[in-house]
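K.L.:
prediction below, plus the sequence it came from.
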Amino acid sequence: MSAYFGRLKSRGQLNVDDPMMACHLFSALFKGSDIHMRCGLQVSPPASDEEIDTYVRTAVDFFLKGCCD
């Protein structure tokens, strides 16, 4: 994913200083979510497809707003 972010950076489509760091931060949006933790720990009912879709769309939008001009 960092190579992909690097290509986007070189084309001026992603405004990041360090593509690898951007990759880690992007991944953390998902690995740190309560949806991921609920699934991994199996402590509550799994998230619905709609809940997952909403979370993913919101997280990607949040990331891109911070990294795109």
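P.N.:
Arrived safely, thanks for sending. Bear in mind the structure is a predicted one, so any value in this text is a computation, not a measurement.

K.L.:
tally of neighbours for Phe5?
P.N.:
20 (other C-beta atoms under 10 Å). Every C-beta, even on glycine, is put in place using the N, C-alpha and C of the backbone.

K.L.:
look up phi and psi at it.
P.N.:
Main-chain dihedrals, Phe5, degrees, to the nearest 10: phi -60, psi -40.

K.L.:
numbering from 635 from now on, please.
P.N.:
Sure thing, new numbering starts at 635, so read that last one as Phe639.

K.L.:
ok, and the closest non-adjacent residue to it?
P.N.:
Closest residue in space to Phe639, ignoring its immediate chain neighbours: Pro653 at 3.9 Å, by C-beta to C-beta, 6 or more residues apart in numbering.

K.L.:
quick check, central residue of this protein?
P.N.:
Residue closest to the mean C-alpha point of the chain, counted by C-alpha atoms, centre = their mean, is Phe660 at 3.7 Å.

K.L.:
so the closest residue to that residue other than its chain neighbours versus Ala681, what's the distance?
P.N.:
Sequence neighbours aside, Phe697 is the residue nearest to Phe660 in space, at 5.4 Å (criterion: C-beta to C-beta, 6+ apart). Going from Phe697 to Ala681 by C-beta to C-beta, to the nearest Å gives 19 Å.
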